[in-house]
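> I need the structure of the sequence given here:
(2 chains)
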Amino acid sequence: MADQASCSCGSNRETNLLYSCSGAANTGLLADQVMRTLMHDKVGSGTCLAAVGADLSGFIVSARNATRNIVIDGCPVGCGKRIFEKNSLPYHHFVATDYGVEKGKTFITGDVIESVASKIASEIQAAKG
Amino acid sequence: MKVQILGTGCPKCRMLEETARRVIEKYNLPAEVEKVTDLDAIMDMGVMITPALAIDGEVKSAGKILNEDQVKSYIEGGK
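Below you'll find the predicted structure:
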């Protein structure tokens, strides 16, 4: 009998989890939209940074066992980075302002989102080797 | 005590469920097994990698096939 094909089992394949800061500033909006673009492009699966910050067990354990945690912060304050460090979780870190976006100034358009998402996707791909 | 096995039904999820049931019976542990296969329910618990094991609603393991000793340790309150 064939095994059920549809399965979310990650034990034998890469699991890249995406987190974004989703803060109030334009850069938080950008981080969120970039994460959603990367989800759409199947770079990884989006999950909740706030839940990791809230110490919810399922999110913490999933982050601990993911192949890669990709944390996208909007600005250098780095709330996402701090959440991962607080929980001693491994992560790859990206900051929206590293891609020519100014906090409180740059208007977030579809082109800006696509441009930053594309650059981050390339860097993730390079990190995979 | 409720031991939840989270997974959509793949062989690895079934393997973890069988191990949990075997451990509970073998050591006569005061626990019951609940299989959670609904993907929305699994994701509501924050589990992004299956199979996962939760004890009384707290996720202890995700993305791993645990052996008997590991499952026993979690049920007995270990980490």
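> For chain A, give the residue positioned nearest to chain B.
A:G58 (2.8 Å; C-beta to the nearest C-beta). In short, each C-beta sits where N, CA and C put it, glycine included.
> is it true that that residue touches B:A52?
Yes. When contacts are counted by C-beta atoms under 8 Å, A:G58 is listed as touching B:A52 (7.2 Å).
> What segments of chain B are strands?
Assigned by DSSP state E, chain B shows strands spanning B:2-6, B:32-36, B:52-55, B:58-62.
> Any idea which of those strands gets closest to A:I108?
strand B:58-62 (33.6 Å; C-beta to C-beta).
> residue boundaries of the helices in chain A?
A:26-40, A:49-53, A:57-65, A:79-86, A:110-128 (DSSP state H).
> ok, how many other residues are close to the nearest residue to B:K26 once chain neighbours are set aside?
Using C-beta to C-beta, 6 or more residues apart in numbering or on different chains and skipping the chain neighbours, the partner closest in space to B:K26 is B:E68 (7.6 Å). Neighbours of B:E68 under the rule other C-beta atoms under 10 Å in any protein chain shown: 13.
> quick one: contacts for B:E68?
Neighbouring residues of B:E68 by C-beta atoms under 8 Å, 6 or more residues apart in numbering or on different chains: B:19, B:22-23, B:26.
> swap the cut-off to 7 Å and go again
B:19, B:22-23 (C-beta atoms under 7 Å, 6 or more residues apart in numbering or on different chains).
> For these, give me a markdown table that also has pLDDT.
A markdown table is the format used below for the contacts of B:E68 (pLDDT from 0 to 100):
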| residue | pLDDT |
| --- | --- |
| B:T19 | 97 |
| B:R22 | 97 |
| B:V23 | 96 |
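> which one of these is nearest B:T37?
B:T19 (17.1 Å).
> Can you get me a residue count around the residue nearest to that closest one when sequence neighbours are not counted?
In this structure, B:T19 finds its nearest non-sequential neighbour in B:V71, 5.4 Å apart by C-beta to C-beta, 6+ apart. For B:V71, the neighbour count with other C-beta under 10 Å is 25.
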